[in-house]
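Colleague: Pasting the sequence and the predicted model now:
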Amino acid sequence: QVQLVESGGGLVQAGGSLRLSCAASGRTFSNYDMGWFRQAPGKERDFVGAINWSGISTYHADSVKGRFTISRDNAKNTVYLQMNSLKPEDTAVYYCAARYYGSTSWKFWGQGTQVTVSS
């Protein structure tokens, strides 16, 4: 089992920045690809970004490309989501997720952290 705990959410004005963190425990962190997802009220959960186990490869959804950056620190068992130039439409609960490297399904999920962007 992998336990994931997100932090860093909050209320920010449009144009502002936040950095989300996701601390992992329970298994060897560097064996897992990590991802960020978000879910706005009344909408499905959407992919935001992912980073492979080594941190060499990253992927970002088109809606956040150029504004959000995913990174990881395997020594600290933590994955980050730096969010800049935030927009009201970025308001959502943000979740981190883990999948064993080479797997296609996100098996482990955090409880989520709320991000609210005011206009």
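Modeller: That came through fine. Numbers count the residues shown, from 1 in each chain.
Colleague: Do you have the strands of this structure handy? List them.
Modeller: Remark: strands assigned in the chain by DSSP state E are 3-7, 10-13, 18-25, 32-39, 45-51, 58-60, 68-73, 78-83, 92-100, 108-109, 113-118.
Colleague: Serialize these to CSV and add fields for mean neighbour count and mean pLDDT.
Modeller: No exception for glycine: its C-beta is placed from N, CA and C like everyone else's. Shown next, in CSV, are the strands of the chain (neighbours: other CB atoms under 10 Å; pLDDT from 0 to 100):
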stretch, mean neighbour count, mean pLDDT
strand 3-7, 17, 97
strand 10-13, 13, 98
strand 18-25, 19, 97
strand 32-39, 23, 97
strand 45-51, 19, 97
strand 58-60, 15, 97
strand 68-73, 18, 98
strand 78-83, 22, 98
strand 92-100, 22, 97
strand 108-109, 17, 98
strand 113-118, 17, 98
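Colleague: May I have the residues that are in contact with the residue nearest the centre of the chain?
Modeller: Centrality entry for the chain: nearest residue to the mean C-alpha point is Trp36, 2.8 Å, by CA atoms, centre = their mean. Neighbouring residues of Trp36 by CB atoms under 8 Å, 6 or more residues apart in numbering: Leu20, Cys22, Val48, Gly49, Ala50, Ile70, Val79, Leu81, Tyr94, Tyr95, Cys96, Ala97.
Colleague: Nice, that's everything, thank you.
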